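1. Predicted structure and sequence below. I'll ask about it afterward.
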Amino acid sequence: MGRGSRRALGRPVAASNVLDLSALAGIVSYEPAELVLTALAGTPMGVIEAALAEHQQCLAFEPPHFGSLLGVDSDGTLGGTVAVGLSGPRRFKAGAVRDHVLGIAAVSGRGEAFIAGGKVVKNVTGYDVPKLLAGSYGTLAVLTEITVKVLPRPQDQRTVVVGGLSARDGVRVMTSVLQSAIDVSGACYLPVVPWAEGSVTAFRLEGFSVSVEARLGELTARLGTEGSVSTLDQATSAEFWRGVRDVRLFESGAREALVWRLSVPPSAAVAVVERIERSRAGAKVFMDWGGGLIWVAVDSGEAEAPIRAALAEASGHATLIRAPADLRARVPVFQPQAPAIAALAKRVKAQFDPSRVLNPGRMYVDV
């Protein structure tokens, strides 16, 4: 455990001991010119982001801050960010967390310290263990030091919003724009927002100001036939996408509402949403990643069966992000694995943590 901000993610862990990494904090090295930062795993994300901001740089995968969504005061640590492997709205363009981790130092469940990867971008020596540990929820090793690739912060950004589209038309328009050469870095569909009447379909443009302005004109003209079009300025755009990143649409709802995160092919997004809405009256839904990421909030009940049923024909997967601990202990929090994949996961767990002392059962009962 670092700062405890993500203990509500995954299945509850019943352990007699907790390894507290909160004091293992600090930036070890940061080379802005090389776009590489190394920090101890317990370093707060606020410290990381402040250091990058001084040099107009950022973590391109936009790590979500789920503090408010999960009811905690912390935005977590670098180790926790890598361990859960969750990315923000820029994921489809910039890649996932695992694509930005260059190297790690860690301790296995055997008590053996090891390193993997390196501190340069062009490092291809050995097995890519950092990618394996990203998203493993602390079940394979204790991360102690992490090296990440950073990128320049976009000089400018704007968001183009189309109002009043249906979910089906929203996905159609997002797919069309994402397949174009306009190069957007965010595409989402929100059925309701406080400042608009009806739905909004939003597209983010980032980069040098001259490029943003040129693409803004092209995108606005392209979307003009779809409905009412407006543009958010840089400050408003940044705040809007922070809200999408942190799932603030669900913050104001009842604290007992269950929140699911679904990953699906964008072409199947509308069908999945419609099945969920038919089976769960009152469900709140919004889509990110051009329809590839669906967030669902339901007021009561486990809702696992209709969620899984809605995904049955979509080749997607679902993760229960917010729910009481007793519910997370009863239902599969993560998508059930195929037998061959489950067997492989058990073998990997046995190699890294044969005695199952690291977050036992947090992802799956036997892993």
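-> Yep, it's here.

2. wait, doesn't residue 91 sit right on residue 61?
-> Yes. Contact status for residue 91 versus residue 61: in contact at 6.3 Å, counting by CB atoms under 8 Å. Where you see a C-beta, it was placed from the backbone N, CA and C, and this is true even at glycine.

3. the more surrounded of those two?
-> In this view residue 91 and residue 61 are compared by other CB atoms under 10 Å, and residue 61 has more residues nearby, 26 against 23.

4. residue contacts, the more buried one?
-> If you count contacts by CB atoms under 8 Å, 6 or more residues apart in numbering, residue 61 has them with 87-88, 90-91, 94-97, 99-100.

5. Any of these buried? List them.
-> 87-88, 90-91, 94, 96-97, 100 (16 or more other CB atoms under 10 Å).

6. What about those, which are in strands?
-> Within the buried ones among the contacts of residue 61, no residue falls in strands by DSSP state E.

7. From these, pick the one nearest residue 234.
-> residue 90 (16.0 Å; CB to CB).

8. With adjacent residues omitted, what lies nearest to residue 337?
-> Leaving out its chain neighbours, the residue that sits closest to residue 337 by CB to CB, 6 or more residues apart in numbering is residue 345, at 6.5 Å.

9. What is the neighbour count of the one you found?
-> Neighbours around residue 345, by other CB under 10 Å: 18.

10. residues in contact with it?
-> 337, 364, 367.

11. my read is the first one is in a helix, agree?
-> No. Applying DSSP: H, G, I helix; E, B strand; the rest coil, one finds residue 337 to be coil, outside a helix.

12. That one reaches residue 364, doesn't it?
-> Yes. With contact defined as CB under 8 Å, residue 337 and residue 364 form a contacting pair (7.0 Å).

13. hmm, back to that, out of the contacts of residue 345, grab the one that's most surrounded.
-> residue 367 (23 neighbours).

14. so what pLDDT did that residue get?
-> Per-residue pLDDT puts residue 367 at 77.

15. and what of residue 67?
-> In this model, residue 67 carries a pLDDT of 87.

16. again, but for residue 280
-> For residue 280, pLDDT reads 80.

17. What is the burial count for it?
-> Look at residue 280: counted by other CB under 10 Å, it has 21 neighbours.
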